[in-house]
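Peer 1: Predicted model, plus sequence, below.
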Amino acid sequence: EAGVAQSPRYKIIEKRQSVAFWCNPISGHATLYWYQQILGQGPKLLIQFQNNGVVDDSQLPKDRFSAERLKGVDSTLKIQPAKLEDSAVYLCASSLQGVYNEQFFGPGTRLTVL
Amino acid sequence: GENVEQHPSTLSVQEGDSAVIKCTYSDSASNYFPWYKQELGKRPQLIIDIRSNVGEKKDQRIAVTLNKTAKHFSLHITETQPEDSAVYFCAASKRAGGTSYGKLTFGQGTILTVHP
């Protein structure tokens, strides 16, 4: 089966600019996650969707980050305006509904903020 | 919220030796504990997981043990090979209830290097 797709793979922007990331989950996966992975650390959940509804966004910096999942399939994560500390890999993952189901990760988008 | 601590941060072994990575978690309601392997520049991939109703699970050279009372779990890799070299992450999750349903909290990662 096709895996989780993400684009772009790399992005370099200057601070205060805006950026958007796109994720296409595995077909049929109701749950979609966005993680931030700073170099040398484990992934940190930013937001979790169940279909097109938000389940958990407690660690999303809502003053600058936003995410949506229209029609319960693709999702976009936006940062506006970006800060230097936003430099990280942004990973999208998806799973079937239910916590015991494996989360499949996409290749990630490496963001560098200058 | 959940907090997962992972040790050691780096681990260097000779090919054929065993490697052990340990994690502790804080939320006694967590009941699902996956381990992910992440090679340099690649995505994390699940290698083994364990649910709280079992104490040990094995898959070929990889095993995971869970001590619910002490709130810690460990990854054991036997007969290590150079291709086992990667970053390993433990994680913890709750089965159901509230807004944290399915949310994975990851440890900080262990860089495993297997020398030929």
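Peer 2: That came in fine, so what should we check first? Numbers count the residues shown, from 1 in each chain, chains lettered A, B, ... in the order given.
Peer 1: Could you pull up the residues touching A:Pro25?
Peer 2: Going by Cβ atoms under 8 Å, 6 or more residues apart in numbering or on different chains, A:Pro25 touches A:4, A:32, A:73-75, A:92, A:94. No exception for glycine: its C-beta is placed from N, CA and C like everyone else's.
Peer 1: Spatially nearest residue to residue 56 (excluding sequence neighbours)?
Peer 2: Looking at chain A here, since you left the chain open. Closest residue in space to A:Asp56, ignoring its immediate chain neighbours: A:Gln48 at 4.4 Å, by Cβ to Cβ, 6 or more residues apart in numbering or on different chains.
Peer 1: oops, chain B please
Peer 2: Nearest non-adjacent residue to B:Glu56 (Cβ to Cβ, 6+ apart): B:Thr65, at 4.9 Å.
Peer 1: What parts of chain B come near chain A?
Peer 2: Residues of chain B lying close to chain A by Cβ under 8 Å from any Cβ of the partner chain are B:1, B:4, B:6, B:32, B:34, B:42-46, B:49, B:51, B:89, B:91, B:93-96, B:99-109.
Peer 1: Point out the ones among the residues you listed that are inside strands.
Peer 2: Among those, the members falling in strands (DSSP state E) are B:4, B:6, B:32, B:34, B:45-46, B:49, B:51, B:89, B:91, B:105-106.
Peer 1: Return the residues in contact with the closest residue to chain A within chain B.
Peer 2: Closest contact between chain B and chain A, by Cβ to the nearest Cβ, is at B:Phe106 (3.2 Å). B:Phe106 makes contact with A:42-44, B:4, B:36, B:89-91 under the criterion Cβ under 8 Å, 6+ apart.
Peer 1: could I get the residues you listed as a markdown table with distance to A:Gly28 and neighbour count?
Peer 2: Shown next, in a markdown table, are those (distance: Cβ to Cβ, whole Å; neighbours: other Cβ atoms under 10 Å in any protein chain shown):
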| residue | distance to A:Gly28 | neighbour count |
| --- | --- | --- |
| A:Gly42 | 27 | 22 |
| A:Pro43 | 23 | 28 |
| A:Lys44 | 26 | 16 |
| B:Val4 | 29 | 23 |
| B:Tyr36 | 22 | 26 |
| B:Phe89 | 26 | 27 |
| B:Cys90 | 28 | 29 |
| B:Ala91 | 23 | 26 |
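Peer 1: And these, which is closest to A:Leu84?
Peer 2: Taking Cβ to Cβ as the measure, A:Leu84 sits nearest to A:Lys44 out of the contacts of B:Phe106, at 17.2 Å.
Peer 1: Determine the number of other residues adjacent to the nearest residue to the closest one once chain neighbours are set aside.
Peer 2: The spatial neighbour of A:Lys44 that comes closest, neighbours along the chain excluded (Cβ to Cβ, 6+ apart), is A:Gln36 at 5.1 Å. Neighbour count for A:Gln36, taken as other Cβ atoms under 10 Å in any protein chain shown: 21.
Peer 1: What residues does chain A have near chain B?
Peer 2: A:31, A:33, A:40-45, A:48, A:55-56, A:58, A:91, A:95, A:98-100, A:102-103, A:105-108.
Peer 1: Pull the contacting residues for residue 4.
Peer 2: Here I'm looking at chain A. Applying Cβ under 8 Å, 6+ apart, the residues contacting A:Val4 are A:23-26, A:92-94, A:104-107.
Peer 1: hm, I was asking about chain B
Peer 2: Per Cβ under 8 Å, 6+ apart, neighbours of B:Val4: A:42, B:23-26, B:90-92, B:105-107.
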